[in-house]
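> test case, fold it:
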Amino acid sequence: MSTFSLRICLLLSIGVLAGSACAVPPAAANVPSEEDAAMAQRVERDLGLVFIMPPDIKLDPGLRTEADAIAAAHLARMHTLVPRWIEEERRLQAGPDGKAPSGPVYYAVFARMLNELALWQLAPGDAAYEKATLDAIRATPAVCANAGHDRHHDFLTRIVRVQAMPPQERAAALATERRLLEAWGKPHPAPPPWPNPLPQEAGMQAVVQMRSGGARPPLALSPVLASILLAERERYDSMPWPTRCGFQRWWLGVSLAQGRPAAEALTAFRYGTLITAGERFGDAFEREGGTARTKPRTAASAAPPAYPKMAARFDVTGVTRVTRRFDAGGKPVQASVIDRCIQVRGIRGVRPVAFEDTFDALAVHYALDGASVAPSGSGPAQTFEMVWDLEPATRGAATQGGKP
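Residues are numbered from 1 along each chain as shown. Down below sits the predicted model:
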């Protein structure tokens, strides 16, 4: 039996994909059951990993004390908020019998927490905070060197940036950090759109030019990056996170040297270093035992990629819009995602930015290697949509069970 539908459509024009998220008023919280209390404990445990300050990170003692206090206050707030999210999700997912299955409820609340993390990573502070953050990133390579603590270094990287600020600016920056965390669970302003192209795509295009002897950007690569990218010719996605962060620092400097406004350059850096759900989990879901839960049902020209297990587990659906360019022989030579409209169970009233890139790599790979060559008369570029849609029966089955 087919488990999802993936429609691939050639587009005649480029428009903006409209979201369909709706705000849901919060319900009054009840005393949680033992099952819901255990569910809340699991969510809070995973969130707590983000707010641990590793002892091997060198911080001023006073700053470490402040950071620990900020983390403790935030986790205390979430201890109250997460049970309310679970109760709300129970109510919204309840069937005719008034009950909701625990698996979908858990993953919906977990998705909501992951999205709050992503929105927090993208949220700007006041003008002074933005300038201090930009200056710290540009001047201090250590803001990336200390970020190698698996995939839970969100809070760590922010505190390391504060450490890189002049002492007289730290108190104001920490006050902003507190305010940004206090915004969790409240209505959010719309996050800025994804950069197009992404900073890693734009930066790697410049690297390809340098490899072929073309024009060089106004800011040189560091010796480490030059060795990795020019001598060893590594791909961006094969580099460890600290090295990718260093690449993003370099491209931030290039963008500013080329006259890009500081706010746009900093937003691009934040997206470039964003820890999305896919980045956080890696291939943990794909390594689960058994066969894939989903497989293609339809395709326009060639078998499209299988539905990612993580996307099935979190009920991620929607559309990715892809553009690709061809050489003279009709072979695709470059592809990128130019728009996304993604929905995720449990995330309402705001873009699910933590999951919006879920299908990006698969879509680009399909555009370059899976789809047919350009139709006659289509010109040097082509744009098409990939529509990812789980069937209702699969949504229930794919969200049962424990965590990876």
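> was I right about residue 272 contacting residue 246?
No. When contacts are counted by C-beta atoms under 8 Å, residue 272 is not listed as touching residue 246 (11.2 Å). The way it works is simple: take the backbone N, C-alpha and C, and place the C-beta from them, glycine included.
> mind checking how far the residue nearest the centre of the chain is from residue 209?
Computing the C-alpha centroid of the chain and ranking residues by C-alpha atoms, centre = their mean puts residue 276 first, at 2.4 Å. Between residue 276 and residue 209 the computed distance is 28 Å (C-beta to C-beta, to the nearest Å).
> residue 310 now?
Residue 310 is 35 Å from residue 209, by C-beta to C-beta.
> with neighbour numbers in mind, choose between these two.
Using other C-beta atoms under 10 Å as the criterion, residue 310 and residue 209 rank with residue 310 on top: 21 against 13.
> tell me the contacts of that one?
Counting by C-beta atoms under 8 Å, 6 or more residues apart in numbering, residue 310 touches 277, 278, 281, 284, 285, 286, 316, 358.
> for the longest helix that the chain contains, list every residue counted as buried.
Criterion DSSP state H: the longest helix present in the chain is helix 61-93. Within helix 61-93, the residues that count as buried by 16 or more other C-beta atoms under 10 Å are 63-64, 66-67, 70-71, 74, 78, 81-90, 93.
> go on, stretch 179-199?
180, 181, 184, 185, 188, 191, 192, 194, 195, 198, 199.
> quick check, distance from that stretch to the centre of its chain.
From the chain centre to the centre of stretch 179-199 is a distance of 11 Å (C-alpha atoms, centre = their mean, to the nearest Å).
> render the CA-only coordinates of that stretch in CSV, please.
Below are the C-alpha coordinates for stretch 179-199, written out as CSV (Å, rounded to 0.1, in the frame of the first residue of the first chain):
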residue,chain,number,x,y,z
ARG,A,179,14.2,38.7,27.3
LEU,A,180,14.6,36.5,24.3
LEU,A,181,14.1,33.4,26.4
GLU,A,182,11.1,34.8,28.1
ALA,A,183,9.4,35.1,24.7
TRP,A,184,9.1,31.3,24.4
GLY,A,185,5.5,30.1,24.2
LYS,A,186,4.2,33.6,23.4
PRO,A,187,3.0,34.9,19.9
HIS,A,188,6.1,35.4,17.7
PRO,A,189,6.6,38.0,15.0
ALA,A,190,7.2,36.5,11.6
PRO,A,191,10.8,35.3,11.4
PRO,A,192,12.8,36.7,8.5
PRO,A,193,12.7,34.7,5.2
TRP,A,194,15.3,32.2,4.4
PRO,A,195,18.2,33.8,2.4
ASN,A,196,18.2,33.0,-1.3
PRO,A,197,20.8,31.7,-1.9
LEU,A,198,21.8,30.4,1.4
PRO,A,199,25.1,31.7,2.7
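> the stretch 201-350 of the chain: strands as residue ranges?
Secondary structure of the stretch 201-350 of the chain, counting by DSSP state E, counting those that start in this stretch: strands at 316-326, 332-344.
> winner for burial among those?
strand 316-326 (a mean of 21; mean count of other C-beta atoms under 10 Å).
> confirm for me that residue 75 is in contact with residue 47.
Yes. Taking contacts as C-beta under 8 Å, residue 75 lies within contact range of residue 47: 7.0 Å.
> where does residue 366 land on pLDDT?
You'll see residue 366 listed with a pLDDT of 89.
> the buried residues of stretch 179-199: which two are farthest apart?
The distance between the two most remote of the buried residues of stretch 179-199 (C-beta to C-beta) is 29.5 Å, for 185 and 199.
> tally of neighbours for residue 178?
Burial of residue 178, expressed as a neighbour count using other C-beta under 10 Å, amounts to 13.
> sorry, wrong one. I was asking about residue 284.
As a burial measure, residue 284 scores 13 neighbours (other C-beta under 10 Å).
> low pLDDT regions in this protein?
Within the chain, the segments meeting pLDDT under 70 span 1-31, 146-150, 288-303, 371-379, 392-404.
> can I see the domain layout of it?
Domain ranges of the chain: 4-21+295-398, 34-182, 199-280, per automatic domain parsing.
> so which residues of the stretch 51-200 of the chain form strands?
Using DSSP E, counting those that start in this stretch, strands in the stretch 51-200 of the chain do not occur.
> need the contact list for residue 77.
Residue 77 makes contact with 181, 182, 184 under the criterion C-beta under 8 Å, 6+ apart.
> and if we set it to 7 Å?
For residue 77, no residue meets the contact criterion (C-beta atoms under 7 Å, 6 or more residues apart in numbering).
> please apply the same query to residue 192.
Residues near residue 192 by C-beta under 7 Å, 6+ apart: 122, 267.
> at 10 Å what do you get?
122, 123, 124, 263, 264, 267, 268, 270, 271, 353 (C-beta atoms under 10 Å, 6 or more residues apart in numbering).
> derive a ChimeraX selection command for the buried subset of those.
Buried residues among those (16+ other C-beta under 10 Å), as a ChimeraX selection:
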select :123,124,267,268,270,271,353
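> so residue 99 makes contact with residue 33?
No. Contact criterion C-beta atoms under 10 Å: residue 99 and residue 33 do not qualify, at 11.5 Å.
> joint contacts of these two?
By C-beta under 10 Å, 6+ apart, the residues touching both residue 99 and residue 33 are residue 90.
> look up the closest residue to residue 364, ignoring the ones flanking it.
In space, residue 364 comes closest to residue 335 once its chain neighbours are excluded; the distance is 4.8 Å by C-beta to C-beta, 6 or more residues apart in numbering.
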